[in-house]
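Colleague: fold the following and give me the result.
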Amino acid sequence: MRIQFIGLGNMGLPMASNLRRAGHEVTGHDTAPRARDTFIAQGGYIAASLAEGAAAAEVVITMLPAGEHVRAVYLGAEGLLRCAGRGSLLIDCSTIDVETAREVAAEAAKAAITMLDAPVSGGTVGAERATLTFMVGGSEAGFARAKPILAAMGKHIVHAGGPGAGQAAKICNNMILGVSMLGVCEAFVLAGRLGLERHKLFEIASNSSGSCWSLLHNCPVPGPVPTAASERDYKPGFAAALMLKDLKLSQQAAESAGAATPMGAHAARIYEALAAAGLAEKDFSVAFRFLDALLRDKAPS
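Modeller: Below is the predicted model:
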């Protein structure tokens, strides 16, 4: 397939590279010179403009920072909905608000262009290893067209429902992740105060009702899980800044939908404080370090 990939950052670059390795003809686009140069160094081709790449592509995939960027790239005066060919397949893998995803899909439908929202889970490691999970919103026919392409970048590809459903699934999933990670971090802080060894808590909790993904795969303390970010000074992984972004999206969605999410709201406040403390670019499991330092002065002597 002829694919244009827009957004060659920490996630987009390995995703585009995996598409090339799968035999697709991939044209890249990014506003950052370093990202463009890296893609070229890997053997990729950079389009002279957004319009040039979209006009020649059968499929356009975007991986952008936020809803405002998605609106600009798709709905702008020189956006994708103006320069992509009729019958094109557009796949947005950004994590954004549900309202924007639905608005862009509606505008694409007016132009006879198939649009899917397909945010991902799995972080940079999943992007590099092509093991991402895709949560896809849009039509059944669009999903059927997209699935073989997404399979070059991920292992789990789920049709979540109509337009915006992929974003809804991503927001809900990451609210679970953010809340559960804080619970695991608090448990290890408390264990330390009580004199319980980290390995013992991990051995017990990982085989008991406290077991969860945050504990088993990204344990926030060094020692129990050799591949966790805590073993490499919390190098992400999934940055705390991105977790804060997703938790804010969850609260925006909760307010819009009239849903009570007090744990999600509290988690957002903790990650906001963590970011203000200078830890935004660390893996989100760095919440353990933040909470441990925050409470240390209050520990009993």
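Colleague: switch to C-alpha atoms for all contacts and neighbour counts from now on
Modeller: Noted.
Colleague: what count of nearby residues applies to residue 268?
Modeller: 24 (other C-alpha atoms under 10 Å).
Colleague: how far does the host helix or strand of it sit from its chain's centre?
Modeller: In this assignment (DSSP states H and E), residue 268 forms part of helix 262-274. Centre-to-centre, helix 262-274 and its host chain are 18 Å apart (C-alpha atoms, centre = their mean, to the nearest Å).
Colleague: tell me what the one helix or strand residue 202 maps to is packed against?
Modeller: Element membership of residue 202 [criterion: DSSP H and E] is helix 198-205. On a contact count with 3 or more C-alpha pairs under 8 Å, 6 or more residues apart in numbering; DSSP states H and E, helix 198-205 meets helix 165-194.
Colleague: surely residue 98 is in contact with residue 170?
Modeller: No - using C-alpha atoms under 8 Å, residue 98 makes no contact with residue 170, being 9.9 Å away.
Colleague: quick one: contacts for residue 185?
Modeller: By C-alpha atoms under 8 Å, 6 or more residues apart in numbering, the contact set of residue 185 is 220, 285, 287-288, 291.
Colleague: just residue 107 next, same as before
Modeller: residue 81.
Colleague: what's the separation between it and residue 131?
Modeller: 31 Å (C-alpha to C-alpha, to the nearest Å).
Colleague: just give the nearest non-adjacent residue to residue 161, would you?
Modeller: Take residue 161 and drop its neighbours on the chain: the residue closest to it by C-alpha to C-alpha, 6 or more residues apart in numbering is residue 137, 5.1 Å away.
Colleague: which element follows the helix holding residue 202 toward the C-terminus?
Modeller: By DSSP H and E, the next helix or strand past helix 198-205 is helix 213-217.
Colleague: after that next one, next one along is what?
Modeller: Next element after helix 213-217 (DSSP H and E): helix 240-257.
Colleague: give me the neighbour count for the residue nearest to residue 161.
Modeller: 30.
Colleague: residue contacts, the spatially closest residue to residue 132 that is not a sequence neighbour?
Modeller: Spatial nearest neighbour of residue 132, excluding adjacent residues (C-alpha to C-alpha, 6+ apart): residue 154 at 4.0 Å. Listed by C-alpha under 8 Å, 6+ apart, the contact set of residue 154 reads 126-127, 130-134.
Colleague: mean confidence (pLDDT) on the helix holding residue 202, please.
Modeller: When pLDDT is averaged over helix 198-205, the result is 98.
Colleague: okay, now the unreliable bits of the stretch 151-300 of the chain?
Modeller: Along the stretch 151-300 of the chain, the parts satisfying pLDDT under 70 run over 295-300.
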